[in-house]
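> Turn this into a structure:
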Amino acid sequence: AALLSEEEYNFGELLDYEVVKASAGSPQGWILDLLNAFNEGRLDLFDEAITKHAAAIQGSKELASSVDSLRRKMALLALMELAFQ
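Residues are numbered from 1 along each chain as shown. Got it, this is the predicted structure:
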């Protein structure tokens, strides 16, 4: 839900939750790759995660239909990351 929210751009706190950390290595672990890409504001990590986990993303109707919106959000985060470097 946080990835798809139009108002949510901060993923650092979400990544600190134990339940999210525990998903590493699980069938839902692919979500960590997306969250980390958003948290770091890195388009390269986003593109890598989208490609690597295409099947899982297509398995989620909400994410599959929102890839373009996610890419725009990622571009904004990448721009913000550049601005603060």
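> If you count neighbours, what's buried in stretch 11-27?
11, 20, 23 (16 or more other C-beta atoms under 10 Å). (C-beta placed from N, C-alpha, C; glycine too.)
> Find the residue at the geometric middle of this protein.
Leu34 (2.9 Å; C-alpha atoms, centre = their mean).
> Nearest spatial neighbour of that one, chain-adjacent residues omitted?
Ala49 (5.0 Å; C-beta to C-beta, 6 or more residues apart in numbering).
> what sits against the one you found?
Applying C-beta atoms under 8 Å, 6 or more residues apart in numbering, we find Ala49 in contact with 30, 33-34, 37.
> secondary structure element for it?
helix 43-52 (DSSP states H and E).
> Could I get the CA-only coordinates of that helix as PDB?
The C-alpha coordinates for helix 43-52 follow below in PDB (Å, rounded to 0.1, in the frame of the first residue of the first chain):
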ATOM      1  CA  LEU A  43      16.400   4.300 -10.700                       C
ATOM      2  CA  ASP A  44      18.900   1.600 -11.500                       C
ATOM      3  CA  LEU A  45      17.800  -0.500  -8.500                       C
ATOM      4  CA  PHE A  46      14.200   0.100  -9.400                       C
ATOM      5  CA  ASP A  47      14.700  -1.100 -13.000                       C
ATOM      6  CA  GLU A  48      16.600  -4.100 -11.800                       C
ATOM      7  CA  ALA A  49      13.900  -5.000  -9.300                       C
ATOM      8  CA  ILE A  50      11.100  -4.600 -11.900                       C
ATOM      9  CA  THR A  51      13.000  -6.800 -14.300                       C
ATOM     10  CA  LYS A  52      14.100  -9.400 -11.800                       C
END
